[in-house]
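Peer 1: Structure for the following, please:
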Amino acid sequence: MHITGQMLIGKKAVFGLAGNIKATDPSTNQEIEPVFGYATSTEVEQACGLAEQAFDTYRNTTLEQRARFLEAIAAGILDLGPALIERAAQETGLPVARLEGERGRTVNQLRLFAKVVRDGHWLAATIDAALPDRAPSRPDLRLQKIALGPVAVFGASNFPLAFSVAGGDTASALAAGCPVVVKAHNAHLGTSELVGRVIQRAVADYNLPEGVFSMLIGAGSQVGQQLVSHPAIKAVGFTGSRTGGLALVHTASQRKEPIPVYAEMSSINPVFLLEHALVTQGEQLARNFIDSLTLGAGQFCTNPGLVIAIESEASQAFLHQAAQALEDKHASTMLTPGIHQAYVKGSSRLADIAGLRLAGKGQAAGSPCAAQAMLSVCSGSTFLNTPALQEEIFGPSSIAILCKDFTEVLQVAASLEGQLTATVHATSEDHAQARKLLPVLERKAGRILFNGFPTGVEVAHAMVHGGPFPATSDSRTTSVGATAIERFLRPVCYQGIPAALLPTALQDDNPWQVTRMIDGKLTPA
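Peer 2: Predicted structure coming up:
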């Protein structure tokens with residue numbers, strides 16, 4: 001499939017006239033053809049208008065129609081073959097193996113939501129039969145969830161496939177019955193066009209309204225702000241910086257009709273090393289920690305930015321072993337020059353913080369956007385008295401916090417901002433301490449791991465990729481896993497509706513064969 005530099009507005013391909021940009025190869029800082037055009041306000045208006053026109057028709061497709069549509073997108077992405085991976089590698093500097101894995105995850109997300117759609121549990125179909133002889137009488141009441149409306153999705157810089165044009169936000173919104181308008185990330189424009197054309201073709205192949213999907217390109221925040229401000233848009237999915245996410249939250253809250261923004265923003269993902277685990281497994285933990293820290297140049301939202309332990313011989317040995325492991329790590333290319341510059345700036349400011357020292361660093365950078373990994377160390381009291389140490393540095397940088405005792409470990413845990421993940425390494429001998437730590441971490445994180453590392457997010461029914469602010473703008477939701485569909489739904493109650501007018505899922509004969517709650521009892525299909 002040929003990359004043209006065009007945006008996708010419904011069934012059309014349009015070259016934007018509000019300026020232009022080329023993608024960049026971060027390994028060389030060289031621009032990549034072709035030129036892409038930025039959207040004008042007219043094109044944003046067209047995309048949103050088409051989405052609004054498509055909404056009622058699309059949300060009323062059958063479960064099977066919608067599931068097959070999602071599966072067709074998955075198949076189309078695979079059909080792009082090596083061309084997709086080659087372009088993504090050129091635009092991001094990510095290795096082919098990583099991108100092939102991410103493509104698999106993206107396809108599996110779409111297939112998971114196809115299954116979710118078919119199951120119909122997300123409808124929450126509920127029937128409370130009329131009780132005419134009761135005093136007072138009760139009317140026939142029925143409930144199901146319906147789609148919110150068109151959704152604006154913002155592609156993320158660090159996942160050109162899984163959190164991008166056909167990523168989790170798009171897949172879950174389409175599964176819910178919501179048309180999607182994507183703002184492609186400027187870091188991987190060619191990759192975005194290739195995937196966008198797959199979705200555009202699937203819309204046509206399944207005879208869906210053209211406004212079910214559009215993809216825009218824009219400079220800075222102008223297109224994004226206009227998109228979030230548009231009255232047709234009823235929800236937003238975003239993965240990116242805290243600054244960017246909060247700007248969208250502010251815009252959405254100031255609308256005449258405020259709308260929800262589901263923004264994944266900032267997390268430093270603490271790792272707690274309890275005493276017996278550190279004594280018995282310290283060397284292996286050090287190696288695994290450094291592997292997790294440096295994976296993908298540290299450009300994961302679940303990167304372990306803090307490691308917490310009690311000051312002891314075992315924790316000093318862990319630091320020494322981690323520093324040795326770090327020395328063997330080559331500097332890795334970051335996604336964009338801008339991300340690399342922010343990493344260098346963030347890493348440099350650590351040198352000015354009193355009480356923080358460098359414990360080890362990786363090999364020096366040898367290419368323009370390569371990041372040198374680093375591990376710093378401070379005391380528990382320094383961390384507790386230095387709010388700046390909680391600021392995320394996006395990249396392979398972490399801070400080890402050595403606490404004087406377990407009470408201080410709990411104080412550090414309690415002081416943390418909201419996180420996507422919190423990890424505990426413990427043996428059975430550590431369970432008494434772990435039992436005290438867990439309630440604190442439940443208040444702080446969306447996912448709690450034992451004896452693992454947080455990089456890597458499984459796409460599954462039980463997964464939560466979210467957490468209290470500032471990890472996300474809404475701690476009640478997740479952007480990964482089957483329950484991500486809940487973000488784009490709302491309940492509607494149907495009272496006394498004639499049988500001939502009832503939604504399919506609420507009809508007495510249950511044509512879709514979905515599980516329902518009937519008179520307070522869960523009733524299988």
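Peer 1: report the longest helix in this protein, please.
Peer 2: helix 96-119 (DSSP state H).
Peer 1: Show me what that helix packs onto, helices and strands only.
Peer 2: Helix 96-119 sits against helix 63-79, helix 82-92, helix 168-176, with contacts defined as 3 or more Cβ pairs under 8 Å, 6 or more residues apart in numbering; DSSP states H and E. Backbone N, C-alpha and C define where each C-beta goes, glycine included.
Peer 1: Out of the ones you listed, which gets nearest to Ile127?
Peer 2: Taking Cβ to Cβ, helix 63-79 is the member of those nearest to Ile127, at 18.0 Å.
Peer 1: Give me the buried positions along the closest one.
Peer 2: 63, 66-74, 76-77 (16 or more other Cβ atoms under 10 Å).
Peer 1: just to revisit the earlier point, and the longest helix of the chain with helix 168-176, angle?
Peer 2: Interaxial angle, helix 96-119 versus helix 168-176 (axes from the mean of the first three to the mean of the last three Cα atoms, to 10 degrees): 20 degrees.
Peer 1: Next secondary structure element downstream of helix 96-119?
Peer 2: strand 126-128 (DSSP states H and E).
Peer 1: pLDDT of that following strand, averaged?
Peer 2: The average of the pLDDT scores along strand 126-128 is 98.
Peer 1: Same question for stretch 337-357.
Peer 2: Averaged across stretch 337-357, pLDDT comes to 94.
Peer 1: distance between it and the chain's centre?
Peer 2: 25 Å (Cα atoms, centre = their mean, to the nearest Å).
Peer 1: what does it contact?
Peer 2: If you take Cβ atoms under 8 Å, 6 or more residues apart in numbering as the criterion, stretch 337-357 is touched by 24, 26, 29, 157, 299, 334, 358, 368-372, 374, 376-379, 382, 386, 388-389, 391, 393-395, 397, 399.
Peer 1: related to what we said a few turns ago, from the buried residues of helix 63-79, pick the one nearest Arg142.
Peer 2: For the buried residues of helix 63-79, the nearest to Arg142 is Leu63 (17.5 Å; Cβ to Cβ).
Peer 1: Columns pLDDT and distance to Phe488 on top of the buried residues of helix 63-79, output as JSON lines?
Peer 2: Shown next, in JSON lines, are the buried residues of helix 63-79 (pLDDT from 0 to 100; distance: Cβ to Cβ, whole Å):
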{"residue": "Leu63", "pLDDT": "98", "distance to Phe488": "16"}
{"residue": "Arg66", "pLDDT": "98", "distance to Phe488": "13"}
{"residue": "Ala67", "pLDDT": "98", "distance to Phe488": "16"}
{"residue": "Arg68", "pLDDT": "98", "distance to Phe488": "20"}
{"residue": "Phe69", "pLDDT": "98", "distance to Phe488": "16"}
{"residue": "Leu70", "pLDDT": "98", "distance to Phe488": "14"}
{"residue": "Glu71", "pLDDT": "98", "distance to Phe488": "19"}
{"residue": "Ala72", "pLDDT": "98", "distance to Phe488": "20"}
{"residue": "Ile73", "pLDDT": "98", "distance to Phe488": "17"}
{"residue": "Ala74", "pLDDT": "98", "distance to Phe488": "19"}
{"residue": "Gly76", "pLDDT": "98", "distance to Phe488": "22"}
{"residue": "Ile77", "pLDDT": "98", "distance to Phe488": "21"}
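Peer 1: The residue of the chain positioned farthest from its centre and Asp140, how far apart?
Peer 2: Here the chain reaches farthest from its C-alpha mean at Asp133, the gap being 50.9 Å by Cα atoms, centre = their mean. Applying Cβ to Cβ, to the nearest Å, the value for Asp133 to Asp140 is 14 Å.
Peer 1: How about Ile127?
Peer 2: 8 Å.
Peer 1: Tell me which of the two has more neighbours.
Peer 2: A count of neighbours by other Cβ atoms under 10 Å puts Ile127 above the other of Ile127 and Asp140, at 22 against 18.
Peer 1: and that one, what is it in contact with?
Peer 2: 140-143, 506, 516-519 are the contacts of Ile127 under Cβ under 8 Å, 6+ apart.
Peer 1: Report the buried members of those residues.
Peer 2: Neighbour-count burial (16+ other Cβ under 10 Å) applied to those gives 140, 142-143, 506, 516, 518.
Peer 1: Need these in TSV (columns: distance to Gly149 and secondary structure).
Peer 2: Shown next, in TSV, are the buried ones among the contacts of Ile127 (distance: Cβ to Cβ, whole Å; DSSP: H, G, I helix; E, B strand; the rest coil):
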residue	distance to Gly149	secondary structure
Asp140	27	coil
Arg142	22	strand
Leu143	19	strand
Leu506	21	helix
Arg516	25	strand
Ile518	29	strand
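Peer 1: where do the strands sit along the stretch 101-250 of the chain?
Peer 2: Residue ranges of the strands in the stretch 101-250 of the chain, as given by DSSP state E, counting those that start in this stretch, are 126-128, 141-147, 151-154, 180-183, 213-216, 235-239.
Peer 1: Parallel or antiparallel, which strands does the first one pair with?
Peer 2: Looking back up the chat, that one is strand 126-128. Sheet pairing for strand 126-128, assigned by DSSP bridges, gives strand 141-147 (antiparallel), strand 516-518 (parallel).
Peer 1: JSON lines please, covering these and showing mean pLDDT.
Peer 2: Formatted as JSON lines, the strands paired with strand 126-128 follow (pLDDT from 0 to 100):
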{"stretch": "strand 141-147", "mean pLDDT": "98"}
{"stretch": "strand 516-518", "mean pLDDT": "97"}
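Peer 1: so which of those strands gets nearest Glu311?
Peer 2: Here strand 141-147 is closest among these (Cβ to Cβ), at 51.3 Å.
Peer 1: The closest one to strand 235-239, inter-axis angle?
Peer 2: For strand 141-147 against strand 235-239, the angle by the same axes, to 10 degrees is 50 degrees.
Peer 1: re the thing from before, contacting residues around the longest helix of the chain?
Peer 2: Residues outside helix 96-119 that contact it (Cβ under 8 Å, 6+ apart) are 63-64, 66-68, 70-71, 73-74, 77-78, 84-85, 88-89, 92, 122, 159-162, 166-168, 171-172, 174-175, 296, 459-460, 480, 482, 485, 514-515.
Peer 1: Over to stretch 274-292?
Peer 2: So stretch 274-292 is contacted by 271, 273, 303-304, 307, 309-310, 312, 314-315, 317-319, 321-322, 324-326, 329, 373, 375, 398, 424-427, 429-430, 433-434, 437, 451, 453-455 (Cβ under 8 Å, 6+ apart).
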